[in-house]
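[1] predicted coordinates and the sequence they were generated for:
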Amino acid sequence: MKSGDIPRTVPRQSATFDPYTMSEIRRAAATGIYDIRGGGAKRSVPHFDDLLFLGASISRYPLEGYREKCATNVTLGTRFASKPIELDIPITIAGMSFGSLSAQAKEALGRGATIAGTSTTTGDGGMTPEERGHSKKLVYQYLPSRYGMNPADLRKADAIEVVVGQGAKPGGGGMLLGQKISDRVAEMRTLPKGIDQRSACRHPDWTGPDDLEIKIQELREITGWEKPIFIKIGATRPYYDVALAVKSGADVVVLDGMQGGTAATQDVFIEHVGIPILSAIRPAVQSLQDLGMHRKVQLVVSGGIRNGADVAKALAMGADAVSIGTAALVALGDNDPKYEKEYQELGSTAGAYDDWHEGQDPAGITTQNPDLSARLDPVAAGRRLANYLAVLTLEAQTIARACGKSHVRNLEPEDLVALTVEAAAMARVPLAGTSWIPGATTF
Amino acid sequence: MNEVDLNETSVRDFNGQLHALDEQSNALAWRALNPAGRHCLAVGLDAPCEVTIAGHAGYYCAGMNSQATVVVEGNAGVGCAENMMSGHVHVKGDVSQSAGATAHGGLLVVDGNASARCGISMKGIDIVVKGSIGPMSAFMAQAGRLVVLGDAGDALGDSIYEAQIFVRGDVKGLGADCVEKVMRDEHALALRELLKAANVDDSISPEEFRRFGSSRSLYNFHVDNAGAY
Ligand SMILES: Cc1cc2nc3c(=O)[nH]c(=O)nc-3n(C[C@H](O)[C@H](O)[C@H](O)COP(=O)(O)O)c2cc1C
C-alpha cells in the first residue's frame, strides 16, 4: 500500500491532558502564577441531583397543593440569643463582601431578601450603609481580616457570623486584587489603593475552640446577649467541626460545601480542597443529634443550591435552612447572555465567566468600576432576586406537600433515595429500589 | 468612684453598668475589685469613663473600646484592647498574645512585656510596650504605630502594610517584606509625642529607636517573589 492509502486514526484528545488542562499548563508557563478566579468548583461532584424524593402514594398520603398549608418559616438563634431572627423562608443570602461586589449589587441583595422575608449577610470588607439600609435582617460577618470591623456596625447587625472557613477554600483566606481596591474599598479596609490584597486565614486573636468560646462571650457581652451568633465553617470534617462549634457556644452553624462560590481564590484550592455539601450534611446533623442539639442549634447549609429541590433535599437531610451565593448573583444578572459580546471580548462566554477578581464584570455585579456597576439597577435586580426566592420556596413546598408534610422542615431522610452508590453512601439514604445504604446496611 | 466587687457582681452586670454610661453620666469613674483573671472585662465601652481593673484581667480586656480609659493594675490575657477604636488602655503588668490586634485607634500602653503577635493586623492604633514583644508581632499590620522599648521577637512585621514600627532594643528577625527604614526628623518628632503620651521616661529619646516598615515589594503579585508568599 502506498503510504497515502493507509487509513489513519482520527486525532484523539487525551482524557488526562484535555484541552482545558493543556491551556492551564500554557497559562502557568507564561505567567508563573496560579490561576485565580471566582465561582465554585466547576468539576462534577456528587450533588443533590443524585437524590430523589419518593413522594406519597398508598403508605403515605400527600397534602393538596395550594390548598393545604405548608409552612416555610424558620427561627435562627434560639439557643442563647434574646433576639433570634425570624425568617419567612428557609433560604438566606450568603455573605459576599462589598469590594468583591459593587455597592449596587449589595443593595439589590438586601432589597430582594427583604421582599422575600429573609436575611442577607455582609462579607470580608465590612458593612455598607446601603446594605444595612436595604436589608431588614442583616447578618454581620466577623472574619479573620476584620476589615472594616467596628463595634458600632456590630451593634447594628441582627446576627453575627464568625467566619472560620468557606467551602470554596477551607483553610484559606480571601483575596481581592488591585483592580478592585477602589478608593472606597481601600478606605473601608484601611489598605493602600490598588494592592493585591490577601486576607488572613486564621483569626488574629483566638486559636482553637477554647479561645473561640471566650471570643463568643466577648461578642455577646458587647451586644448585650441579644444577637444570634453563627459560626461558618467550610465542609471538611463536619462531624468534629460542628461539635466544636456547638461547644464554643454557637447559636447557629453555617456549613458551606466545596461547590460554594468565592469572589477570588486559587483554582487549585476551589477544585481540590473540601468536600461536597452532599457528603457533609449528614455527619453535621449526626453531630448535633449526638449532642442532643439538633434543632436547638440551627444548621444552615450552602454550596451549589440552585432550585427548590436542592432546598428540599438539604432540609430533608436535617438542615434548618440553606444559604445561596452564586444563584443569587445569577438572579441579579450575573453571566447574562445579553452581555455575550462583552464576555467574548474578555476571553470568556456567558455562563463561564469567572474572572470576577478582575473587576470588569459586564453585568456590573463583581466590579468596582463605576460605569459598569451603574448598569445594575438595584431595584429591578432586587425584584428578580425576590422572584427567584419565591420560586425556590414554591418548589420546596410542592415537594414537601407531595411527601405529606405541612412544614418544609418536616421533610426527612426517609423521604429520599439515591441514584448512585456514592450519593447513597454520602447522603446515608438507600440506593433507589433497594434498602441498601452503603456503609450503614448490608446489601 | 463606683466600686464593683467581681466576686459579687457578674461580668455581665458589670459590663451592663458600663454600657449604660454616656458623657452625661455623673459617675464616670469605676474600679473593679477581684478581677481574678476573668475574661471580657470592660469590653465594648463607648463613653468617656475611667475604669480600673484592680488586679489581673483575662482574655479580651477592653476589647473594642471606644472613648474609655481602662487601666489594668495587673497582667492582661489574650487580645487586650483588641479592635479598639479610640480611648486609652494602660496595662501595668504584662500582656499575653495579640495585644491591640486589629485595633483602629486609641493608645495601648503596656508597662511590662507583650507576648507573640502584638499589634497583629493593627489598623491605626498606637501601641507602646515598655518591655519586649514576642514573635510575629505586627503581622499584616495595616496602619498605626508599634513602639517597643525593649527587644522584638522573630518575624517582626511579616507582610506588613503601612504601619510603622519603632524598636529600641534588638530585633531577632524581620518578617517578609519588612525592612529597616531611615528615621527622619518628622518620625523622631512624632515618636517623641507618642512617648510623651505614653508617659515614657524623658531620659529615653527617639534617637535610640530604629524604624521599620514595609518595602512594599509584595503589594502586587510577581512571579519572582513567589518564595516570599
Ligand atoms: C462573590 C462572592 C463573594 C463571597 N464573599 C464571601 C465573604 O466575604 N465571606 C464569606 O464567608 N463567604 C463569601 N462567599 C461565599 C458565600 O458566602 C457562600 O458560602 C457561597 O457562595 C455558597 O455557595 P453557592 O455560591 O454555591 O451558593 C462569597 C461568595 C461569592 C460568590
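    Cool, the structure landed.
[2] ranges for the strands of chain B?
    Listed in chain order, the strands of chain B (DSSP state E) span B:2-5, B:29-33, B:50-53, B:69-72, B:88-91, B:107-110, B:123-129, B:143-148, B:164-167, B:178-181, B:210-214.
[3] longest helix of the chain, counting residues only.
    Went with chain A since none was named. helix A:378-402 (DSSP state H).
[4] hmm, I had chain B in mind actually
    Max-length helix for chain B by DSSP H is helix B:185-197.
[5] now the stretch 1-150 of chain A against chain B: closest residue?
    Using C-beta to the nearest C-beta, the point where the stretch 1-150 of chain A gets nearest to chain B is A:Gly32, with a distance of 3.0 Å. The way it works is simple: take the backbone N, C-alpha and C, and place the C-beta from them, glycine included.
[6] tell me which parts of the stretch 1-150 of chain A are close to the ligand?
    By C-beta under 6 Å from any ligand atom, the residues of the stretch 1-150 of chain A that approach the ligand are A:Gly38, A:Gly40, A:Ala94, A:Gly95, A:Met96, A:Ser97, A:Ser100, A:Leu101, A:Gly123, A:Asp124, A:Gln141.
[7] number of residues surrounding A:Tyr239?
    Residue crowding around A:Tyr239 was assessed by other C-beta atoms under 10 Å in any protein chain shown; the count is 16.
[8] ditto for A:Ala314
    Neighbour tally, A:Ala314, other C-beta under 10 Å: 31.
[9] ok, the helix or strand containing it near the ligand or not?
    When elements are assigned from DSSP states H and E, A:Ala314 belongs to helix A:308-316. No: using C-beta under 6 Å from any ligand atom, helix A:308-316 stays clear of the ligand, with a minimum separation of 9.6 Å.
[10] just the terminal-to-terminal distance for stretch A:290-300.
    Distance across stretch A:290-300, first residue to last, is 18 Å (C-alpha to C-alpha, to the nearest Å).
[11] where does chain B dip in pLDDT?
    Across chain B, the ranges flagged by pLDDT under 70 are B:226-229.
[12] OK, contacts around B:Tyr219?
    Contact analysis of B:Tyr219 by C-beta atoms under 8 Å, 6 or more residues apart in numbering or on different chains lists A:Pro192, A:Ile195, A:Asp196.
[13] want to throw those residues into TSV with pLDDT, distance to B:Arg168 and neighbour count?
    Below are these laid out as TSV (pLDDT from 0 to 100; distance: C-beta to C-beta, whole Å; neighbours: other C-beta atoms under 10 Å in any protein chain shown):
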residue	pLDDT	distance to B:Arg168	neighbour count
A:Pro192	88	28	17
A:Ile195	86	30	19
A:Asp196	84	34	19
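[14] show me where the stretch 151-300 of chain A has strands.
    A:159-163, A:175-176, A:197-198, A:229-234, A:252-256, A:265-266, A:298-302 (DSSP state E, counting those that start in this stretch).
[15] which single residue of chain A ends up nearest the ligand?
    Nearest residue of chain A to the ligand: A:Gly325, at 2.1 Å (C-beta to the nearest ligand atom).
[16] neighbours of B:Asn65, how many?
    30.
[17] tell me if I'm right that it and B:Met84 touch.
    Yes: B:Asn65 is within contact range of B:Met84, at 4.5 Å (criterion: C-beta atoms under 8 Å).
[18] quick check: neighbours shared by the two?
    With C-beta under 8 Å, 6+ apart as the test, B:Asn65 and B:Met84 both reach B:Gly106.
[19] residues making contact with the helix holding A:Ala314?
    Residues outside helix A:308-316 that contact it (C-beta under 8 Å, 6+ apart) are A:48, A:51, A:53, A:90-91, A:277, A:281, A:301, A:304-305, A:321-322, A:391-400, A:408-409, A:411-413, A:415-416.
[20] so after that helix, what's the next helix or strand?
    Next along from helix A:308-316, by DSSP H and E: strand A:321-324.
[21] residue contacts, the closest residue to B:Ala81 other than its chain neighbours?
    Sequence neighbours aside, B:Val89 is the residue nearest to B:Ala81 in space, at 4.2 Å (criterion: C-beta to C-beta, 6 or more residues apart in numbering or on different chains). For B:Val89, the contacting residues are B:61-62, B:65, B:69-72, B:80-81, B:106-109, by C-beta under 8 Å, 6+ apart.
[22] please name the residues that touch A:Pro46.
    For A:Pro46, the contacting residues are A:Pro276, A:Leu278, A:Ser279, A:Thr420, A:Glu422, A:Ala423, A:Met426, by C-beta under 8 Å, 6+ apart.
[23] could you measure from the second one over to A:Gly292?
    Distance check for A:Leu278 against A:Gly292: by C-beta to C-beta, to the nearest Å, it reads 25 Å.
[24] so which of the two has more stuff around it?
    A side-by-side neighbour count of A:Leu278 and A:Gly292, using other C-beta under 10 Å, places A:Leu278 first with 30 against 8.
[25] could you tell me the per-residue confidence at the more buried one?
    Model confidence at A:Leu278, given as pLDDT, is 98.
[26] could you tell me the end-to-end distance of stretch A:418-435?
    By C-alpha to C-alpha, the extent of stretch A:418-435 from end to end equals 11 Å.
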